[in-house]
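Asker: heads up, no residue letters with this:
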């Protein structure tokens, strides 16, 4: 049927034709509201996915390695956790509404430790890349891939880890020497492209870092205003207070951490309590679904 005959056929039933068009748009919009998160491989230790509205935040999925209680208390609610044995195969679809944002975090936790979560020591961490709709949201942080060259590792050259696996340099299986009980990479997913402002507050509710960025469908590693002004180092493992712990034998004390992330987006404010303190302001990523 050519276009002219099709128009003749549909001209007598405008309401029916309009309904088909409207339903098609509705279906397309529904499809576009869905997104996929996946990670497959090493994760030491946690995956936490949070859905936030201007009124509330709640955990949607949580996988932990070191939590014998099987529960996590977050934002006044207790959640059952899924156990992750240091290796994860995760692939799940989510749906996002106009009034929502999603926050994704990979954390280095030791929930069974006797110390409170805000008392941290440097220990071992690694994670495979995490994907958003098959696009890398978080790059891999793996010594085997030399993801962050020349940064101190957990096992020294004279120590032999239990797992005999070789990295790109022929060295044995290892981890980065990062803070325990902290969020490492942190990601924000918004429904529509647009301007986003992020404010990071420490445990004393003091403003530490701000971000003013434009987010679209391409994943962006966000740069704080302080980074743009060269007030902090560009290294991915730069900690709060511009501390970079690159001396293997020196453990630098760092008592500040980010406890709250505030996101201003689409004329709304989302306040996200961190499930674990955030220590690395250069490892924040964002992307929009549409």
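Answerer: Good, I have the coordinates. Remember, predicted model here, so these are calculated numbers, not experimental data.
Asker: can you give me the helices for the stretch 1-150 of the chain?
Answerer: For the stretch 1-150 of the chain, the helices defined by DSSP state H, counting those that start in this stretch cover 3-11, 14-32.
Asker: What about the closest residue in space to residue 91 that isn't next to it in sequence, how many residues nearby?
Answerer: Using Cβ to Cβ, 6 or more residues apart in numbering and skipping the chain neighbours, the partner closest in space to residue 91 is residue 38 (4.2 Å). For every residue, glycine as well, the C-beta is placed using N, CA and C. Applying other Cβ atoms under 10 Å, we find 17 residues neighbouring residue 38.
Asker: going forward, begin numbering at 19 instead of 1
Answerer: Sure, I'll start numbering at 19, so the last one becomes residue 56.
Asker: Now do the phi/psi pair for residue 139.
Answerer: Note on residue 139: backbone dihedrals following degrees, to the nearest 10 are phi -120, psi 160.
Asker: show me what contacts it?
Answerer: 133, 197, 198, 269 (Cβ atoms under 8 Å, 6 or more residues apart in numbering).
Asker: can you rerun that using 6 Å?
Answerer: Applying Cβ atoms under 6 Å, 6 or more residues apart in numbering, we find residue 139 in contact with residue 198.
Asker: ditto for residue 294
Answerer: 125, 127, 199, 200, 201.
Asker: how far away is it from residue 123?
Answerer: To residue 123, residue 294 is 7 Å away according to Cβ to Cβ, to the nearest Å.
Asker: Show me the common contact partners of those two, please.
Answerer: residue 201.
Asker: that older thread, nearest to residue 64, of the contacts of residue 294?
Answerer: Taking Cβ to Cβ as the measure, residue 125 is the one of the contacts of residue 294 closest to residue 64, at 3.9 Å.
Asker: neighbours around the closest residue in space to that closest one that isn't next to it in sequence, how many?
Answerer: Leaving aside its chain neighbours, residue 125 sits nearest to residue 64 (3.9 Å; criterion: Cβ to Cβ, 6+ apart). Residue 64 has 27 neighbouring residues, counting by other Cβ under 10 Å.
Asker: pLDDT at residue 64, what is it?
Answerer: For residue 64, the pLDDT comes out at 96.
Asker: who are the neighbours in contact with it?
Answerer: With contact set as Cβ under 6 Å, 6+ apart, residue 64 has these partners: 82, 125, 127.
Asker: ok, those vs residue 259, which is closest?
Answerer: residue 125 (20.0 Å).
Asker: tell me the phi and psi of residue 283?
Answerer: Dihedral angles for residue 283 - degrees, to the nearest 10 - are phi -150, psi 140.
Asker: Quickly list what it is bridged to.
Answerer: For residue 283, the beta-bridge partners are residue 214, residue 286 (DSSP bridges).
Asker: Surely it touches residue 213?
Answerer: No. When contacts are counted by Cβ atoms under 6 Å, residue 283 is not listed as touching residue 213 (7.5 Å).
Asker: what about the stretch 19-168 of the chain, any weak spots by pLDDT?
Answerer: Counting by pLDDT under 70, the stretch 19-168 of the chain shows low-confidence ranges at 19-50, 135-137.
Asker: now do 90
Answerer: In the predicted model of the stretch 19-168 of the chain, residues 19-51, 63, 104, 127-142, 161-162, 168 satisfy pLDDT under 90.
Asker: if we can go back for a sec, format the contacts of residue 64 as TSV; extra columns: distance to residue 73 and neighbour count.
Answerer: Output for those, formatted as TSV (distance: Cβ to Cβ, whole Å; neighbours: other Cβ atoms under 10 Å):
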residue	distance to residue 73	neighbour count
82	26	24
125	25	29
127	27	23
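Asker: Would you convert those residues into CSV that also reports distance to residue 239?
Answerer: Formatted as CSV, the contacts of residue 64 follow (distance: Cβ to Cβ, whole Å):
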residue, distance to residue 239
82, 26
125, 18
127, 23
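Asker: Just the closest of the residues you listed to residue 217, please.
Answerer: Minimum distance to residue 217 across those is 20.7 Å, recorded for residue 125 (Cβ to Cβ).
Asker: Show me the contact partners of the helix or strand harbouring residue 231.
Answerer: Per DSSP states H and E: residue 231 is located in strand 225-233. With contact meaning Cβ under 6 Å, 6+ apart, strand 225-233 is reached by 208, 213-220, 240, 242-244, 299, 304, 306.
Asker: what does stretch 163-173 give?
Answerer: With contact meaning Cβ under 6 Å, 6+ apart, stretch 163-173 is reached by 142, 158-159, 161, 179, 186, 192-195, 254-255, 266.
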